[in-house]
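Enquirer: Build me a model:
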Amino acid sequence: TFKELGIKTELDLRIGGEVVEVFYKDENINFYNVPMNATYCLQYNPKEIVRAFEILGDERNYPIAIHCSIGTDRTGMMAFVINGLLGASYEQLNYDYMVSNLGNIGRGRNTWDLFLYRNNINKCAGDTFAEKTYNYLLKIGVKAEHIDTVIRMMSE
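Expert: Numbers count the residues shown, from 1 in each chain. Sure, this is the predicted structure:
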């Protein structure tokens, strides 16, 4: 459970048509709903990504549980971006996303979304995918201090 894991914050990425309720009701756990479009998540949700990084960029919120309905599209995009920041290769990111097909997710996933994510991020300056991801986030409005906190917290 959230309590056993020491979760301090629940970051819910579901939209209004989906049931938005706290997974683990406890007044000591912060609940944030940052509703994201599940289609082409990276391209269609820049304001929401900025908001999610504001939450992720506050170290008092850690540990954080991030979820949507199934955990592959919106949550998968956030995992792609965070792991990209941390230096994961595109091959590792691709593999991680495709593992989603092992679960009962209603349909198989392909790599088209990841191809779009990579192409958007690769348009940014940087020598590595991590640097390009960092610069992509800056470009859409995420503050450097929030990105740096995410990198630090996720690297510890």
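
Enquirer: Could you list the buried residues of the helix or strand bottoming out on mean pLDDT in the chain?
Expert: Lowest by mean pLDDT, DSSP states H and E among the helices and strands of the chain is helix 2-5, with a mean of 82. Going by neighbour count (16 or more other CB atoms under 10 Å), the buried part of helix 2-5 is residue 2. In this view, the C-beta of every residue, glycine as well, is placed from N, C-alpha and C.

Enquirer: hey, C-alpha coordinates of that helix in PDB?
Expert: Extracted C-alpha coordinates of helix 2-5, given in PDB (Å, rounded to 0.1, in the frame of the first residue of the first chain):
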ATOM      1  CA  PHE A   2       0.900   3.700  -0.200                       C
ATOM      2  CA  LYS A   3       1.500   3.800   3.500                       C
ATOM      3  CA  GLU A   4       3.800   0.800   3.500                       C
ATOM      4  CA  LEU A   5       5.800   2.300   0.700                       C
END
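
Enquirer: Following the chain onward from that helix, which element is next?
Expert: Using DSSP states H and E, the helix or strand that follows helix 2-5 towards the C-terminus is strand 9-12.

Enquirer: Just name whatever secondary elements that next one is in contact with.
Expert: Judged by 3 or more CB pairs under 8 Å, 6 or more residues apart in numbering; DSSP states H and E, strand 9-12 is in contact with strand 30-33, helix 46-56, strand 64-67.

Enquirer: Find the one among the ones you listed with the highest mean neighbour count.
Expert: The highest mean neighbour count among these, using mean count of other CB atoms under 10 Å, belongs to helix 46-56: a mean of 19.

Enquirer: which intervals of this structure have sub-threshold pLDDT?
Expert: Residues of the chain meeting the criterion pLDDT under 70: 19-25, 101-110.

Enquirer: Bridged to residue 32, which residues?
Expert: Residue 32 has these beta-bridge partners by DSSP bridges: residue 11.

Enquirer: could you measure it against residue 8, distance?
Expert: Plainly put, residue 32 is 11 Å away from residue 8 if you go by CB to CB, to the nearest Å.

Enquirer: any idea how far residue 92 is from residue 128?
Expert: In terms of CB to CB, residue 92 sits 13 Å off from residue 128.

Enquirer: What ranges does the chain have for its helices?
Expert: In the chain, the helices defined using DSSP state H lie at 2-5, 41-44, 46-56, 74-85, 90-98, 112-122, 129-140, 144-155.
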